[in-house]
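Undergrad: kindly return the folded structure for what I paste below:
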Amino acid sequence: MDYQSVAAYIESRICFGGMYPTMGMIEYANNSYVSSHLFESCPALYPVMRDCALIGVLSNDLISYHKEKHSQQNLLNAYVKTGTTPTLEAAIQKGLDCVNAHYYSFVRNLALLKRQLQTLPSSDQRILRTYSVGLERLIAASYHWQMHTNRYRVPENIFEDLKVPLPA
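TA: Below you'll find the predicted structure:
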(Lines give C-alpha, C1' and ligand atoms only; values in the text may rest on other atoms or scores of the structure.)
Protein backbone atom coordinates (compact mmCIF):
# COMPACT_ATOMS: atom_id res chain seq x y z
CA MET A 1 0.00 0.00 0.00
CA ASP A 2 1.53 3.30 -1.10
CA TYR A 3 -0.68 5.48 1.09
CA GLN A 4 -1.43 5.65 4.80
CA SER A 5 -4.89 7.21 4.61
CA VAL A 6 -7.81 7.60 2.25
CA ALA A 7 -6.96 11.31 1.94
CA ALA A 8 -3.45 10.39 0.79
CA TYR A 9 -4.89 7.92 -1.71
CA ILE A 10 -7.24 10.59 -3.08
CA GLU A 11 -4.36 13.06 -3.43
CA SER A 12 -2.38 10.50 -5.40
CA ARG A 13 -5.41 9.66 -7.51
CA ILE A 14 -6.06 13.27 -8.45
CA CYS A 15 -2.45 13.64 -9.55
CA PHE A 16 -2.25 10.46 -11.61
CA GLY A 17 -5.88 9.91 -12.65
CA GLY A 18 -5.67 11.75 -15.95
CA MET A 19 -8.43 14.25 -15.39
CA TYR A 20 -6.24 17.37 -15.29
CA PRO A 21 -4.76 16.71 -18.76
CA THR A 22 -8.29 15.96 -19.97
CA MET A 23 -9.51 19.28 -18.55
CA GLY A 24 -6.68 20.95 -20.46
CA MET A 25 -8.32 19.74 -23.64
CA ILE A 26 -11.29 22.02 -22.90
CA GLU A 27 -9.06 25.03 -23.48
CA TYR A 28 -7.42 23.48 -26.53
CA ALA A 29 -10.71 22.43 -28.15
CA ASN A 30 -12.21 25.88 -27.67
CA ASN A 31 -9.01 27.81 -28.44
CA SER A 32 -9.81 29.73 -25.27
CA TYR A 33 -7.24 29.68 -22.50
CA VAL A 34 -7.61 30.43 -18.79
CA SER A 35 -4.82 32.79 -17.77
CA SER A 36 -3.23 33.04 -14.35
CA HIS A 37 -4.99 36.41 -14.04
CA LEU A 38 -8.36 34.63 -14.28
CA PHE A 39 -7.35 32.15 -11.59
CA GLU A 40 -6.44 35.09 -9.35
CA SER A 41 -9.66 36.95 -10.16
CA CYS A 42 -11.91 33.94 -9.54
CA PRO A 43 -10.66 31.85 -6.63
CA ALA A 44 -13.61 29.46 -6.98
CA LEU A 45 -12.04 28.14 -10.19
CA TYR A 46 -9.50 25.96 -8.36
CA PRO A 47 -12.08 24.08 -6.28
CA VAL A 48 -14.38 23.67 -9.31
CA MET A 49 -11.53 22.06 -11.25
CA ARG A 50 -10.51 19.87 -8.31
CA ASP A 51 -14.05 18.64 -7.77
CA CYS A 52 -14.43 17.90 -11.49
CA ALA A 53 -11.22 15.88 -11.46
CA LEU A 54 -12.20 13.97 -8.32
CA ILE A 55 -15.68 13.19 -9.61
CA GLY A 56 -14.14 11.64 -12.70
CA VAL A 57 -11.44 9.55 -11.05
CA LEU A 58 -13.35 8.48 -7.95
CA SER A 59 -16.53 7.54 -9.80
CA ASN A 60 -14.32 5.46 -12.08
CA ASP A 61 -12.88 3.77 -8.99
CA LEU A 62 -16.39 2.79 -7.90
CA ILE A 63 -17.59 1.59 -11.27
CA SER A 64 -14.40 -0.28 -12.17
CA TYR A 65 -13.89 -1.94 -8.77
CA HIS A 66 -14.47 -5.43 -10.18
CA LYS A 67 -11.36 -4.95 -12.37
CA GLU A 68 -9.27 -3.44 -9.58
CA LYS A 69 -10.34 -5.34 -6.49
CA HIS A 70 -6.88 -6.88 -6.18
CA SER A 71 -5.15 -3.54 -6.72
CA GLN A 72 -3.96 -1.01 -4.18
CA GLN A 73 -5.14 1.77 -6.48
CA ASN A 74 -8.87 1.96 -5.90
CA LEU A 75 -10.93 4.10 -3.53
CA LEU A 76 -12.85 1.15 -2.12
CA ASN A 77 -9.62 -0.71 -1.38
CA ALA A 78 -8.26 2.44 0.24
CA TYR A 79 -11.22 2.56 2.62
CA VAL A 80 -10.95 -1.12 3.56
CA LYS A 81 -7.16 -1.44 3.68
CA THR A 82 -6.68 1.66 5.85
CA GLY A 83 -9.33 0.42 8.27
CA THR A 84 -11.58 3.40 7.53
CA THR A 85 -14.47 1.02 6.86
CA PRO A 86 -14.93 -2.51 8.18
CA THR A 87 -16.50 -4.02 5.05
CA LEU A 88 -16.68 -3.60 1.31
CA GLU A 89 -20.35 -2.65 1.63
CA ALA A 90 -19.44 0.18 4.01
CA ALA A 91 -16.66 1.25 1.64
CA ILE A 92 -19.11 1.37 -1.26
CA GLN A 93 -21.44 3.64 0.70
CA LYS A 94 -18.56 5.84 1.83
CA GLY A 95 -17.29 6.00 -1.77
CA LEU A 96 -20.71 7.01 -3.06
CA ASP A 97 -20.94 9.64 -0.32
CA CYS A 98 -17.50 10.94 -1.27
CA VAL A 99 -18.32 11.28 -4.99
CA ASN A 100 -21.67 12.89 -4.15
CA ALA A 101 -19.97 15.36 -1.79
CA HIS A 102 -17.59 16.39 -4.57
CA TYR A 103 -20.51 16.81 -6.94
CA TYR A 104 -22.39 19.04 -4.49
CA SER A 105 -19.20 20.99 -3.88
CA PHE A 106 -18.75 21.35 -7.65
CA VAL A 107 -22.28 22.76 -7.99
CA ARG A 108 -21.78 25.22 -5.11
CA ASN A 109 -18.37 26.38 -6.31
CA LEU A 110 -19.57 26.66 -9.90
CA ALA A 111 -22.35 29.00 -8.73
CA LEU A 112 -19.74 31.01 -6.82
CA LEU A 113 -17.48 31.11 -9.88
CA LYS A 114 -20.36 32.44 -11.98
CA ARG A 115 -20.88 35.24 -9.46
CA GLN A 116 -17.15 36.01 -9.33
CA LEU A 117 -16.78 36.28 -13.09
CA GLN A 118 -19.52 38.90 -13.35
CA THR A 119 -17.01 41.56 -12.29
CA LEU A 120 -14.63 40.72 -15.15
CA PRO A 121 -14.46 42.19 -18.64
CA SER A 122 -16.79 40.44 -21.11
CA SER A 123 -13.91 38.70 -22.93
CA ASP A 124 -12.75 37.12 -19.65
CA GLN A 125 -16.32 36.20 -18.75
CA ARG A 126 -16.67 34.40 -22.09
CA ILE A 127 -13.47 32.42 -21.47
CA LEU A 128 -14.58 31.27 -18.03
CA ARG A 129 -18.13 30.51 -19.13
CA THR A 130 -16.79 28.39 -21.98
CA TYR A 131 -14.43 26.62 -19.61
CA SER A 132 -17.07 26.01 -16.94
CA VAL A 133 -19.48 24.57 -19.52
CA GLY A 134 -16.62 22.31 -20.60
CA LEU A 135 -16.14 21.11 -17.02
CA GLU A 136 -19.86 20.33 -16.72
CA ARG A 137 -19.73 18.42 -19.99
CA LEU A 138 -16.64 16.56 -18.85
CA ILE A 139 -18.45 15.31 -15.77
CA ALA A 140 -21.41 14.24 -17.90
CA ALA A 141 -19.13 12.60 -20.48
CA SER A 142 -17.23 10.73 -17.77
CA TYR A 143 -20.46 9.34 -16.36
CA HIS A 144 -21.82 8.56 -19.83
CA TRP A 145 -18.64 6.74 -20.84
CA GLN A 146 -18.73 4.59 -17.72
CA MET A 147 -22.46 3.85 -17.75
CA HIS A 148 -23.31 3.65 -21.43
CA THR A 149 -20.64 1.31 -22.70
CA ASN A 150 -20.12 -2.35 -21.98
CA ARG A 151 -16.62 -1.67 -20.60
CA TYR A 152 -17.74 -2.14 -16.99
CA ARG A 153 -20.93 -4.12 -17.52
CA VAL A 154 -20.11 -7.55 -16.14
CA PRO A 155 -21.83 -9.94 -13.74
CA GLU A 156 -19.10 -9.23 -11.11
CA ASN A 157 -19.81 -5.49 -10.93
CA ILE A 158 -20.75 -4.29 -7.44
CA PHE A 159 -23.65 -2.24 -8.84
CA GLU A 160 -26.77 -4.11 -9.95
CA ASP A 161 -27.37 -1.75 -12.90
CA LEU A 162 -23.94 -2.57 -14.29
CA LYS A 163 -24.27 -6.35 -14.12
CA VAL A 164 -26.33 -6.45 -17.32
CA PRO A 165 -24.67 -5.70 -20.67
CA LEU A 166 -26.16 -3.16 -23.00
CA PRO A 167 -27.93 -4.59 -26.05
CA ALA A 168 -25.71 -4.84 -29.11
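
Undergrad: going forward, measure contacts and count neighbours with C-alpha atoms only.
TA: OK.

Undergrad: and the strand or helix carrying Leu58, how far from the chain's centre?
TA: Using DSSP states H and E, Leu58 sits within helix 45-63. Distance, stretch centre to chain centre, for helix 45-63: 2 Å (Cα atoms, centre = their mean, to the nearest Å).

Undergrad: and that helix, what other elements does it pack with?
TA: For helix 45-63, the elements it packs on are helix 6-16, helix 19-30, helix 75-81, helix 88-116, helix 122-147, judged by 3 or more Cα pairs under 8 Å, 6 or more residues apart in numbering; DSSP states H and E.

Undergrad: rebuild the ones you listed as a markdown table, extending it with mean neighbour count and mean pLDDT.
TA: Output for the helices and strands packed on helix 45-63, formatted as a markdown table (neighbours: other Cα atoms under 10 Å; pLDDT from 0 to 100):
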| stretch | mean neighbour count | mean pLDDT |
| --- | --- | --- |
| helix 6-16 | 16 | 94 |
| helix 19-30 | 15 | 95 |
| helix 75-81 | 24 | 96 |
| helix 88-116 | 17 | 98 |
| helix 122-147 | 16 | 95 |
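
Undergrad: what sits against the residue most central in space within the chain?
TA: Central residue of the chain (Cα atoms, centre = their mean): Ile55, 2.0 Å from the mean position. Ile55 is in contact with Val99, His102, Tyr103, Ile139, counting by Cα atoms under 8 Å, 6 or more residues apart in numbering.

Undergrad: try it again at 10 Å.
TA: For Ile55, the contacting residues are 14, 19, 49, 61, 98-103, 106, 138-139, 142-143, by Cα atoms under 10 Å, 6 or more residues apart in numbering.
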